[in-house]
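1. I would like the atomic coordinates for the input below:
(one chain, ligands or ions: 1)
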Amino acid sequence: MTDTELMCLALNEARAAAALGEVPVGAVVARHGEVVAAAHNTRETEKNATHHAELLAIDAACRALGGWRLWECELFVTLEPCPMCMGAIINSRIPRVVFGAADTKAGCCGSVVDMAALPFNHHPRVERGLLEEECSALLAEFFAALRARRAEQKALGIPTAWQLRKMQRQQNKEDKP
Ligand SMILES: [Zn+2]
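-> This is a model prediction of the structure:
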């Protein structure tokens with residue numbers, strides 16, 4: 001498969017995340033152009049901060065290949081990796097990373113910091129901007145829909161999930177003797 005085809009698969013994974021109400025990020029680990037693992041963000045569904053698409057794809061690839069060194073693999077991801085995922089990329093010795101959209105808030109391939117250029121023991125080659133428009137559009141659509149939903153809830157006086165949790169915590173505090 002070509003780079004573009006692999007990124008299309010990562011985009012499909014991102015769409016699967018969006019369908020679950022997750023921030024749409026998808027990742028594919030490939031070896032010699034063949035898919036080894038594919039995954040999408042499930043942070044909300046699994047209530048787990050580590051369930052980023054890249055981390056899940058790396059985990060599945062290690063299991064599929066029976067080893068932690070992914071030195072023959074490449075990672076395709078729709079969004080610039082965060083510090084946690086760049087850490088996993090470095091630790092798994094992935095030599096090449098291709099991402100779509102930049103992440104100005106958490107991206108560690110040049111946006112916030114360039115972890116690939118720091119003096120670690122492994123320096124993955126990073127390429128940015130493959131199918132960037134599609135990757136960004138998916139994220140923009142997701143956040144626009146989220147904002148619209150929140151505005152609607154606010155207009156109707158319905159508390160958000162976050163406000164509900166805050167109310168719950170307050171209630172728990174009051175219940176304590
Ligand atoms: Zn991440």
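
2. Next to the ion, which bits of this structure? Give me the list.
-> His52, Cys82, Met84, Cys85 (C-beta under 5 Å from the ion). C-beta: built from backbone N, CA, C; applies to glycine.

3. pLDDT wise, what is the last one at?
-> Read that as Cys85. At Cys85, the model reports a pLDDT of 98.

4. picking that back up, narrow the residues of the chain next to the ion to just the buried residues.
-> His52, Cys82, Cys85 (16 or more other C-beta atoms under 10 Å).

5. Contact partners for the closest residue to the first one other than its chain neighbours?
-> Using C-beta to C-beta, 6 or more residues apart in numbering and skipping residues adjacent in sequence, the residue nearest His52 is Cys85, 5.4 Å away. Contact analysis of Cys85 by C-beta atoms under 8 Å, 6 or more residues apart in numbering lists His52, Glu54, Leu55, Ile58, Val77, Cys108.

6. now do Gly26
-> Neighbouring residues of Gly26 by C-beta under 8 Å, 6+ apart: 9-17, 38-41, 53, 77-78.

7. Which of those sits closest to Arg93?
-> Closest approach between those and Arg93, by C-beta to C-beta: Val77, at 16.6 Å.

8. Make sure the closest one is actually in contact with Leu11.
-> No: using C-beta atoms under 8 Å, Val77 is not in contact with Leu11, being 10.2 Å away.

9. related to what we said a few turns ago, dump the residues of the chain next to the ion to a markdown table, plus secondary structure.
-> Listed next are these as a markdown table, based on DSSP: H, G, I helix; E, B strand; the rest coil:
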| residue | secondary structure |
| --- | --- |
| His52 | coil |
| Cys82 | coil |
| Met84 | helix |
| Cys85 | helix |
